[in-house]
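Trainee: structure of the sequence below:
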Amino acid sequence: MAAPSKTLKRRSSGRVDVQRVCDALGKLAPLELAQSWDNVGLLAGDTTAKVERVMLCIDLMPEVVEEAVSAKVQMVMAYHPPIFKPVSRLIWPAAVPEAAVQRCIAGGIAVYSTHTALDAADGGTNDCLAQLCGIKETLPLEYAEVGPLEYKVVVFVPGAEAERVAEAMFAAGAGGIGDYQKCSFRTPGTGTFFGTKSAKPTIGQPGRLEQVDEIRLEMVCPAKCLSAVVDAMTCAHSYEEPAFDIHPRKNPPVGGIGRIGRLPKPMALAALTRKLKRATGAGCISMVGDPQRKVERAVVVVGAAGSLPFKTALGRHDVVITGEIRHHDALAIRRRDCSAIAMSHWSSERMALDPLAARLRALLPGVDVMLSEKDAEPFQRA
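Mentor: Got it, this is the predicted structure:
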């Protein structure tokens with residue numbers, strides 16, 4: 001097991017509150033990078049409460065909670081969310097993760113979780129594990145979709161009306177891109193329509209095919225403004241039945257889960273395993289594959305690998321480095337004639353807390369940031 005870090009003995013300025021710590025953690029591990037099924041962020045606590053000391057841990061076990069109470073911390077960052085599913089009751093003591101949250105609430109301790117947000121973040125858990133292998137350049141295995149949901153609204157309008165319709169859409173909230181407003185794109189073309197006998201076309205006559213010079217007007221629109229923008233567009237448009245399209249718009253990827261990169265030089269699987277064991281203190285480490293085979297590229301997934309490593313093509317000189325691997329996934333790795341190292345779930349993640357603590361101290365001068373000494377690997381060597 002890795003040696004615990006000692007608490008820094010510094011006095012707080014008393015100006016930092018829970019919300020500021022949340023903001024700092026959100027900067028280091030943006031919550032939008034978390035997996036959709038995850039429960040990250042502030043799970044319990046008063047955002048206005050003052051914070052002098054923060055404790056970091058992987059699992060908020062009862063002994064960790066008592067350590068936090070004794071150390072007089074005001075906030076705990078538990079990497080694994082102690083509240084994951086809807087909670088029907090909070091009782092202490094009880095043999096459920098949620099009980100620890102109740103004890104923290106009673107002790108005036110806020111609880112925050114980073115989990116997969118830290119996994120995907122730059123400098124997070126997966127990057128830390130990749131760095132222990134000596135890997136300098138990596139790519140995510142799976143990118144996260146981030147940013148607010150937006151749409152592209154496209155409407156076809158007679159050229160003389162394009163400005164009026166555009167201004168109405170702008171006023172309703174469309175056309176904003178970063179620091180720029182009233183952004184649009186306009187393409188000329190020809191629109192055709194045939195009105196039935198009951199139609200009342202603005203241009204032309206019913207019962208006749210019409211051709212009209214039109215402008216394709218398009219602009220981005222935030223999800224919250226979509227209804228208002230469509231209403232404004234249809235009201236400003238002269239046509240009885242305006243033609244328009246709404247397209248969901250994906251934001252460019254900025255980060256993601258897992259890492260893949262090349263080792264500095266080919267290394268025997270057994271040698272790489274020993275290197276990781278020394279670096280992390282992992283006591284329950286295992287290998288899949290030939291110990292003497294040279295590995296050149298690593299697929300890094302902290303915690304439970306699941307199916308994520310199999311989303312990339314795995315070759316003979318690839319190694320999956322993770323916390324835990326299911327039996328049938330280990331067999332799949334053998335069938336693909338590649339290798340794997342399972343360090344234990346806790347050991348693959350715990351090594352990221354020291355770098356996180358250092359970065360958090362830099363963002364919150366005067367706040368004591370400590371690592372729990374009771375947070376521990378649940379498995380022991382026989």
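Trainee: could you list the low-confidence segments of the stretch 1-150 of the chain?
Mentor: Low-confidence segments of the stretch 1-150 of the chain (pLDDT under 70): 1-14, 147-148.
Trainee: all helices of it, in order?
Mentor: Here the stretch 1-150 of the chain has its helices, by DSSP state H, counting those that start in this stretch, at 18-28, 62-70, 97-106, 115-120, 125-132.
Trainee: touching the longest one from outside, list them.
Mentor: Right, the one you point to is helix 18-28. Applying Cβ atoms under 8 Å, 6 or more residues apart in numbering, the contact partners of helix 18-28 are 41-42, 45-49, 51, 54, 74-75, 77, 110, 112, 114, 118, 121, 123-124, 356, 359-360, 363-364, 367. Yep, even glycine has a C-beta here, placed from its N, CA and C like the rest.
Trainee: just the buried subset of those, please.
Mentor: Buried members of the contacts of helix 18-28, counted by 16 or more other Cβ atoms under 10 Å: 41-42, 45, 51, 54, 74-75, 77, 110, 112, 114, 118, 121, 124, 356, 359-360, 364, 367.
Trainee: which of those fall within strands?
Mentor: 41-42, 54, 75, 77, 110, 112 (DSSP state E).
Trainee: how far away is the closest residue to residue 93 other than its chain neighbours from residue 106?
Mentor: Once flanking residues are discounted, residue 93 sits nearest to residue 99: 6.1 Å by Cβ to Cβ, 6 or more residues apart in numbering. Distance from residue 99 to residue 106, counting by Cβ to Cβ, to the nearest Å: 11 Å.
Trainee: one more: residue 341?
Mentor: For residue 341 relative to residue 106 (Cβ to Cβ), the value is 41 Å.
Trainee: contacting residues around whichever strand or helix holds residue 328?
Mentor: Element membership for residue 328 (DSSP states H and E) is helix 327-335. Outside helix 327-335, the residues that touch it by Cβ under 8 Å, 6+ apart are 288-289, 305-307, 309-310, 314, 320, 325, 339-340.
Trainee: same thing but at 10 Å, please
Mentor: Contacts of helix 327-335 with the rest of the structure, by Cβ atoms under 10 Å, 6 or more residues apart in numbering, involve 286-290, 304-307, 309-310, 314, 318-320, 322, 325-326, 338-340, 342.
Trainee: equivalent analysis for stretch 169-180, please.
Mentor: 150-153, 155, 166-168, 181-184, 217-222, 224-233, 235-236.
Trainee: if we use 7 Å, what do you get?
Mentor: 153, 181-184, 219-222, 225, 228-229, 232-233 (Cβ atoms under 7 Å, 6 or more residues apart in numbering).
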